[in-house]
Every structure is written in structure tokens, then in C-alpha cells.
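Q: sharing a model that was predicted from the sequence below.
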Amino acid sequence: MTDNTINVEINGKTLEASKGEMLIQVADRNGIHIPRFCYHEKLSVAANCRMCLVEQIGGRKPMPACATPVMDGQKFNTESQYAISAQKATMEFLLINHPLDCPICDQGGECELQDVAIGYGSGASRYSERKRVVKDKEIGPLVSTDMTRCIHCTRCVRFGQEVAGIQELGTMGRGEFTEIGTYIENSVDHELSGNIIDLCPVGALNSKPFRFQARGWEMTQHESIATHDSLGSNTYSHVRRGKLLRVVPRSNESINETWLSDRDRFSYQGVYSEDRLQTPMIKKNNEWQEVDWTTALEFAANGIKSIVEDDPDQLVALASPRSTVEELYLLNRITRGLGSDNIDHRLLAQDFSDQAADSLAPVLGLAIAELENQDAVLMVGSNIRSEAPLLAHRLRQASLKGAKVLVANPEEYFYYFDTHAHLSEVNLVTQLASIAAAVQNKTANKDLDLQGAEFSPEHMKFADALIDAEKAHVFIGNLGLTHANFATLRRLSAYIAAQTGATFGYLPPAANSVGAALAGVLPHRDVAGRDIPNIGLNALQMSDQFRKAYVLLNLEPENDVQRPYQFRKALDNAEIVVAITPFITDSLKADADVLLPMGTFAESAGTYVNCEGVWQSAEGVASPVGEARPAWKILRVLGNLFDLGGFDYNSAFEVRDALQAKLVGLDIATTYRGSASLNLAAEAPHAYLDMPAYGHDSIVRRSNPLQDTRAAKEAGNKFFKVAIV
Amino acid sequence: MSEHTTNNPNELSAHSIAEIKACMAKYPDDQKRSAVLSALQIVQHQNHGFVTKVLMDEIAKILELPPVQVYEVATFYSMFETKPCGRLHLSVCTNISCMLMGSDNILAHVEKKLGIKVGESTPDGKFYLKKEEECLAACAGGPMMMIDHHYYESLTPEKVDEILDGIE
């Protein structure tokens, strides 16, 4: 027993607890149920709902369990007549103003107030006066409000203050006139704002897109993985009769805790967009025809076969890094099986000159949760709130715990955390060279020629913070990974990390960037990082060097590649373009010859490898739209049509297992061992690409609620809105 | 009009800013929020009796707070008004001690004299007859009223006339 451990007695049972721990935490840990509304394990204690009142033996009045620190030898009773009568009295007061509109409330059936009222409420009300009515607030396209139902637990207010980092909601007025709101009508715009829907214990804050769609008990719940950033947040998909109706977070302390970003929560609205491709289609004599699967697949296979028989190098395969590991692995097996190494997934990258020095996969280089425990973090080129909202949340936690967050970005972004030092100069590379020079000045180790780079006191702050830190981490985000001078940028970042004793890694740009690298969807590497002697075309060269056959997996040529105009020219020039796609767009109609409808993340079983290198699999949960099939099945049939052998997988997970068997014992460490030469010359403008938060991928672009947010509107509403069917 | 006030309802006067900064100096650097009550008082005074969203946003900027935290305080306390009202806040205490001493008559007299009901302002913008919230803690001098932080005790209708006529 350490000094900190004490004994308390709850309901006659002696339990161990830490000194100062709240009674409700001890009870929760030991499976003793205490009703509560305002208490939430991730938020500060407010003790304003009073539902958790319990009896302290020898005490003078009922104590709120959420705000009662336990002391050695104390005795509590949570189930005595005394405790229950206090809880029942509280319940009666809470219900005085709560409307009896459960039959029309979305929360009905999954409501904490309903549940607790069953246990502690009275069957009839003694209250006969008028109930309070509160005007609803308009707080944006994601969260609906019914403020009359609010019981003022202030979880949503505390979430803003403590987790999101900006308090958008507040408690206005007092007593009878207390209201939760924004004072002047204003939208709640934070990228994690959807979490207040889960936090709200009543039906005051609900999902706007889900409003009046279904009842909790009509839906089945399936475990899923979110696919819109590289964290791979754990989710539950709620499905009724084969249709995905809602996505909510599933707790995983090491990844998303209990939170979910708005992008991952509301993207599902894009799944049922009306431009879903319903049937396979082929283009004959410039006319599109709807055909059956066999015809389409044979048409595709024959078209490709006739080209690769003459020259395998004419085949090009480009895949979205949001595809599943299974899809990516099969695409790689087909492409390389047919003799081509022209395969890539790095859609937005520009500088491939140092790709030989890539680590096996672009992983973060430390555990996501470990980010919170760093003393200093240097973020190079990342609009992190857009790239991975929950990683920005981790950085905020780190900063609150005293970590020095250092930011080197090519433009100014707003963060909800304090930065210790912060550069936002267009020329990112020279900034890094200056930081490196400051590091050299401090370590007196000049083993890298920085070509006379000079440093200012601001650069010195970076160097000092990194060197003084016991635990420091340096990572490159998407603005860096897509930078025109990525080789220099990485060399410098890795050098700074190495010289200051920091760990080094990347923030992978998409849900499966890591999986794609491991599955060998790269022109210079096969599965498990095996080097390819004659390096194929990379994603950028695929636009510039015309080939005859293109296979596109899950991407839109006009939105998802670095040079859409040039890429579409290449497609136009090709003899056959096979697009495996969930959506049919004008550009695909113009550029492709075969359209094969694939299932989205909701409809396909598959695996994603997150930024930490964790493999997470999920089953397809929704019925396919039209004749769409999971892409791994489409690729399996294609593999068989090409007679490549070994394509007889019975499930997606057999594909995954086959790939994993080839990866046993591999080390995905991210130490940079290359020696790219430094190019510190002035940069061209637009040396990097910042994808709008709600423009990342085809599904997000079709989610109308996300497109209606202020963030999407401020990004210029680049993407069309479509009707949901 | 004193130099303490300004006609611009959209910005803080130099005087208000100086006063708010003097208040902030009383609290630790990382607890600027502590000065929000005083700041609201100063600004309400500058703006002739009520605060506006724009002015509260200015306070939030100086105190480095989310604006919503200033709104919360301003809407919570009954001594702050967030809607346009008269310059002089007049409250007649009607709690138990004053009531026993005849405060109902005093209130009726005030209403009659000013020609307004509780919760209203005089058309010239001089008086605002506040809805009385709680006991003003001058029970020994009841009936009593407060005008702009000053207590007037042991009131009679004649005394009320004299006070109201004499106040600027």
C-alpha cells in the first residue's frame, strides 16, 4: 500500500481509493451505481445537478458524490433510505421544468434523464404551475437545440472551456431564468462541437442531420473505424434496415478517448448522396451503357490485358490512401502481377526526389496518447485542426500540461492551444534552416552545412525548447509532406530532431497512408518495403507521362490529385481508364471507360492502419447502394480474370492476414537515415497544398451538414452540394 | 456630461480603459477574469446605464476572456443592464422590512411621479425604475430606495419628491 492509498466504506464494503479521489470515481470503479447528470469523467466537477447525493454516515447532510473527496475511514451509503430520498427529491425538482415530450424527442429511449427518472422519479407530478419555456437557439448545421429540455448540467459549457479550448456556449441569466446559449445568436463552430450531442444527458442538444430519423431501439449498433483522418477514431455505426443513419464515438483511450471529430461524425451523410454510382457502366463508341458486373469486369480486364501484353509499363494504378488495406494490397498484387510498377497513393505529394530514404511507413513515431506527455513538440507544416482534429486536441492537452508547442508553418493558422514559439513564414525551408542553425549554435556541432543560414532569437526559442526538453517530438504534417521542397524540409526536420534528441515522425495525410505504404502501393517499394530496382511512375509523373491504361481506386480526378488538369489530360489520352468508384462525377464520365461501383467505408469490410501503426478492422455495416460491391471483391475478381493466381480469398480479413504474414517482424521506426542535399533557394509560391477540412475526400465533400458549416463556407465552398437520396 | 462618459457606444473611452487596467492590477496576471465585475461596472457607467454586446466584447479583449464569459456575468447580476435603459438606476426595496414600513406606497408614488412602471425608463432617459430583486440590507432605515448606488432611507412621499427633483 502506498501512502496515497486509503480505505473507504461504501454500502458496507471496504474499498481502496486514492487520497483526494472523488467518491463517484471510487463507486464507478467498483461498479456501484450512483445517478448523475452533470458529472462526466472527462470534465471538471460542477456539482450543480445534485443528482448524485449520497449519505455520509455521521455526516450532517447528503453529500454530492461527484464533489466529495474521500478520506481514510469514511463511510458512505448510496442506497439507504436517506440517500434515495435525497436523490428522489432532486429528481422531482429536475422534472419540474422538464417537458413531458419524450414521444417527440430524439433522445427518447437513449436518454439519461429518462433512465434515471425510471429509477428515481415519481409516477405523478405534484407540480401544477406553469412549466418554463425557453426559446431554442440556432447554433449551426450540426447540432439541433430544444432548450426547454435543458437541465443546466453545463456539460456542454465545460466541454467548450476545457476540451475544445474555446467557450462558445455559456450560462446566461440566473435562477428561474438561466439559459444555456451563445447570448447573441451565433453558431458553434469548433471542429469537435458534435461531442456536445453525446455529452448532453437530455434531449436539449441533438444531432441535427439525425433529427426525427429513427429511434435508438430500431437500429443495430456495429463497431466501425472512422476514415477521415489518420487517427482511425473508433466509432459505432447505427444502422436501420441496411441504411447507415448515425455515427457516434466508441471509447478508446489510446486513440480518440470518448470524442469524435465533426468530420468523422457527420461524413456518413455523404454516403447516400444522389450521385452514387448504382451499376457498372462501360463506354462504347463514346456512349455510356449500364451493364452487368460480368460484362463490365471482362471489358475492363480485356482492355487492360491487351495493353499490358505489349508493354506492361503502360499500366498505371492510382489509389486513394483512404482505401482499405485489403483493397490496396490487392491493387498492388494486380499491378505488379501484370508487370507494372506504376502504382502510388501519395496523391498530393510533389517532391519524390528523396523517396528512397522514406521510412517503411509515414507513422507518427510515438503513441497518440504519448503526445500529451511530451515536454516539447515541434510541428512542421501542419494545419493540424483540419488534418487531424483530435490530434490538435492532444497537443492542446500537452500544452496545458506545460509542454512547449513549437510551430513552423508556411501560413498563419489559429490554434486553441498556446504556442511557445511560432513561425508562419511563407518560406518554410529557410525557417527550418534557421532553426537548425540555432540548434548548431547551441550544440556547437556543425556537421551539416546550412549554407550560411542565420537565426533570430525566435529561432533560438525553438532550439532551446527542444534541447532542454526531456521528451521532445518533431513531426511533419501534410503541408510539409506535400511541399515542393519536401526532401530539404525533411532533411532539416530530421536533423533538428536528431541534434536535439527528439523523436521524429509524420502526421500521415489520410486514414490509410500507413497501410498503403505497408501494402506496397508505391512505385519504388513493394509489400513490406521491398525495394523495386526499376522505379515506376509516382503520382505526379502519372499526370505528366502519358500511359495507355489507368486504374483509379476511390478517387475523383478533378479533386483528389495534385495537378487535376494535367492528370485529366493524361486520362483523356489513355486508351482505357478503369475507375473503381463509389460516385459518378462529370469528370469520371468524361475521362473513364469503365465505371465499377464500389462500397464506401460503411458498406465494405476492411482494415485501416492509423498514424501510430495500429491495425483496426471493421465489418461492412450497411447494405450496398445499388449494385455496388466492396472494392476488395471487385479486385479479387479482376485478379482472377488476369489469371494471376492466389486471388481466392473468402473474406477481406483473409486478405489482411495474407498481407500481415508478410510484415511479421518489420520495424516501422521513423528515424531518417537519408542524406538529401539541401536546396535553400527561394521557393515558388504555392509550394504546398492545404486541403480544406471539409474537402478532404469524396464522402466528406458530399456531406451537406459539413458543407453548411462556417469552416466549409469560409474555405470558399469549393465543393458542390448534392441532394441526399 | 462628465469627462467619464463618452457618446460613442461602440468603444471604450480612454478613461474606462485606464480604470479597467487599474482594476486588473489588483489581481494576478493569470487571473484577469477576476476584474470582469469591476470592468462591467465601469463600462455601464460610461455608457449611461447599460452595457452592449460590442462593449462587452471590448471588455473580453482587454481581459483576454472568451466574450461569452463576460455575457454570462452581465446577465447573471441584476445590477447590470444589457438593454437600453435610463441613466439613473432607481430601485425601491419592497422586501419584508421595507414592506412593513410602507414601501408599497413609496413605490406607487415613485411610479406615479415618474409616469412609468417598474422595469421602465422615463422618456427623457434619466430614470430607470428597476425591478427590485432582493433586500438592499438597509432594514433599519426602511422604507428605502437606491439611486445609482446611493441609499435614501426613511422615505416619505414628500421626501421622495424632494430627492427626485433635486437629483441631476
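A: Yes, it's here. Model, not experiment: these values are computed from the prediction. Numbers count the residues shown, from 1 in each chain, chains lettered A, B, ... in the order given.

Q: for A:Ala669, see how far away the closest residue in space to A:Thr443 that isn't next to it in sequence is.
A: In this structure, A:Thr443 finds its nearest non-sequential neighbour in A:Gln499, 5.7 Å apart by C-beta to C-beta, 6 or more residues apart in numbering or on different chains. Using the backbone N, CA and C atoms, a C-beta is placed for each residue, glycine as well. Separation of A:Gln499 from A:Ala669 (C-beta to C-beta, to the nearest Å) stands at 18 Å.

Q: strands of the stretch 601-725 of chain A, residue ranges please.
A: With DSSP state E, counting those that start in this stretch, the ranges of strands along the stretch 601-725 of chain A come out as A:606-609, A:615-618.

Q: mind listing what the last one pairs with, with the direction of each?
A: To tie it back to what came earlier, the one meant is strand A:615-618. If you go by DSSP bridges, strand A:615-618 pairs up with strand A:606-609 (antiparallel).

Q: coming back round to it: and A:Gln499 and A:Ala669? which has more neighbours close in?
A: With neighbours defined as other C-beta atoms under 10 Å in any protein chain shown, A:Gln499 and A:Ala669 compare such that A:Gln499 has more, 19 against 13.

Q: and residue 91, what does it touch?
A: Because you didn't say which chain, this covers chain A. The contact partners of A:Met91, by C-beta atoms under 8 Å, 6 or more residues apart in numbering or on different chains, come to A:Pro35, A:Met51, A:Val116, A:Ala117, A:Tyr120, A:Gly121, A:Ser122.

Q: can you look at chain B instead?
A: Going by C-beta under 8 Å, 6+ apart, the list of residues near B:Ser91 reads B:Leu129, B:Lys130, B:Glu132, B:Glu133, B:Leu136, B:Met145, B:Met146.

Q: hey, what's it bridged with?
A: Taking DSSP bridges, one finds B:Met146 as the beta-bridge partners of B:Ser91.

Q: quick revisit: now the buried members of the contacts of B:Ser91.
A: The neighbour count (16 or more other C-beta atoms under 10 Å in any protein chain shown) marks B:Leu129, B:Lys130, B:Glu132, B:Leu136, B:Met145, B:Met146 as buried among the contacts of B:Ser91.

Q: flag whichever of the residues you listed scores worst on pLDDT.
A: Across the set of the buried ones among the contacts of B:Ser91, B:Glu132 stands lowest in pLDDT, at 73.

Q: what distance do you get for that residue to chain A?
A: Counting by C-beta to the nearest C-beta, to the nearest Å, the gap between B:Glu132 and chain A amounts to 15 Å.

Q: buried residues in the helix ranked longest in chain A, which are they?
A: For chain A, the longest helix by residue count, based on DSSP state H, is helix A:293-310. Within helix A:293-310, the residues that qualify as buried by neighbour count (16+ other C-beta under 10 Å) are A:Trp293, A:Ala296, A:Leu297, A:Glu298, A:Phe299, A:Ala300, A:Ala301, A:Gly303, A:Ile304, A:Lys305, A:Ile307, A:Val308.

Q: check stretch A:219-229 too.
A: Those buried within stretch A:219-229 under the rule 16+ other C-beta under 10 Å are A:Met219, A:His222, A:Ser224, A:Ile225, A:Ala226, A:Thr227, A:His228, A:Asp229.

Q: contacting residues for the residue nearest the centre of chain A?
A: In chain A, the C-alpha nearest the mean C-alpha coordinate belongs to A:Asp229, at 3.6 Å (C-alpha atoms, centre = their mean). With contacts taken as C-beta under 8 Å, 6+ apart, A:Asp229 has the following neighbours: A:Ser261, A:Arg263, A:Asp264, A:Glu387, A:Ala388, A:Pro389, A:Leu390, A:Leu391, A:Ala510, A:Ala511, A:His696.

Q: ranking helices and strands of chain A by mean pLDDT, which lands last?
A: Lowest mean confidence among the helices and strands of chain A (mean pLDDT, DSSP states H and E): helix A:710-714, at a mean of 88.

Q: what is that helix packed up against?
A: The elements that helix A:710-714 packs onto, with contact taken as 3 or more C-beta pairs under 8 Å, 6 or more residues apart in numbering or on different chains; DSSP states H and E, do not include any helix or strand.

Q: who touches it?
A: Contacts of helix A:710-714 from elsewhere in the structure, counted by C-beta under 8 Å, 6+ apart, are A:Gly140, A:Ser187, A:Asp189, A:Glu191, A:Pro692, A:Ala693, A:Tyr694, A:Gly695, A:Leu706, A:Phe719.

Q: show me what counts as buried in that helix.
A: A:Ala711, A:Ala712.

Q: and what of stretch B:26-33?
A: Within stretch B:26-33, the residues that qualify as buried by neighbour count (16+ other C-beta under 10 Å) are B:Lys32.

Q: and it, anywhere near chain A?
A: No: no part of stretch B:26-33 sits close enough to chain A to count as contact by C-beta under 8 Å from any C-beta of the partner chain; the gap is at least 11.4 Å.

Q: gap between that stretch and the chain center?
A: In terms of C-alpha atoms, centre = their mean, to the nearest Å, the centre of stretch B:26-33 is set 25 Å apart from its chain centre.

Q: any chance of the contacts of A:Asp229 in TSV, plus distance to chain B, pLDDT and neighbour count?
A: Written out in TSV, the entries for the contacts of A:Asp229 read as follows (distance: C-beta to the nearest C-beta, whole Å; pLDDT from 0 to 100; neighbours: other C-beta atoms under 10 Å in any protein chain shown):
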residue	distance to chain B	pLDDT	neighbour count
A:Ser261	21	97	29
A:Arg263	24	97	28
A:Asp264	26	97	28
A:Glu387	25	95	24
A:Ala388	24	96	29
A:Pro389	19	96	25
A:Leu390	22	97	24
A:Leu391	23	97	24
A:Ala510	33	96	27
A:Ala511	33	96	31
A:His696	28	87	24
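
Q: now, which of the residues you listed lie within strands?
A: Secondary structure of the contacts of A:Asp229 is defined by DSSP state E; no position falls in strands.

Q: how far away is the closest residue in space to A:Ala605 that isn't next to it in sequence from A:Leu330?
A: The shortest distance from A:Ala605 to any residue that is not its chain neighbour, by C-beta to C-beta, 6+ apart, is 4.0 Å, and that residue is A:Ala652. A:Ala652 is 10 Å from A:Leu330, where distance means C-beta to C-beta.

Q: who has more neighbours out of those two?
A: The residue with more neighbours, out of A:Ala652 and A:Leu330 and counting by other C-beta under 10 Å, is A:Leu330; that gives 30 against 26.

Q: burial check on the closest residue to the more buried one other than its chain neighbours, number of neighbours?
A: Taking C-beta to C-beta, 6+ apart, and ignoring the residues beside it in sequence, A:Leu330 has A:Leu635 as its nearest neighbour in space, at 3.8 Å. Using other C-beta under 10 Å as the criterion, A:Leu635 is surrounded by 28 other residues.

Q: gap between A:Pro141 and A:Phe352?
A: A:Pro141 sits 39 Å away from A:Phe352 when distances are taken as C-beta to C-beta.

Q: apologies, that question was intended for A:Ile580.
A: With C-beta to C-beta as the criterion, A:Ile580 and A:Phe352 are 24 Å apart.

Q: looking at the two, which has the bigger crowd around it?
A: In this view A:Ile580 and A:Phe352 are compared by other C-beta under 10 Å, and A:Ile580 has more residues nearby, 27 against 21.

Q: related to what we said a few turns ago, reformat the contacts of helix A:710-714 as TSV; add pLDDT.
A: What follows is those, written out as TSV (pLDDT from 0 to 100):
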residue	pLDDT
A:Gly140	93
A:Ser187	85
A:Asp189	90
A:Glu191	95
A:Pro692	87
A:Ala693	89
A:Tyr694	91
A:Gly695	88
A:Leu706	95
A:Phe719	45
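
Q: alright, I will stop here.
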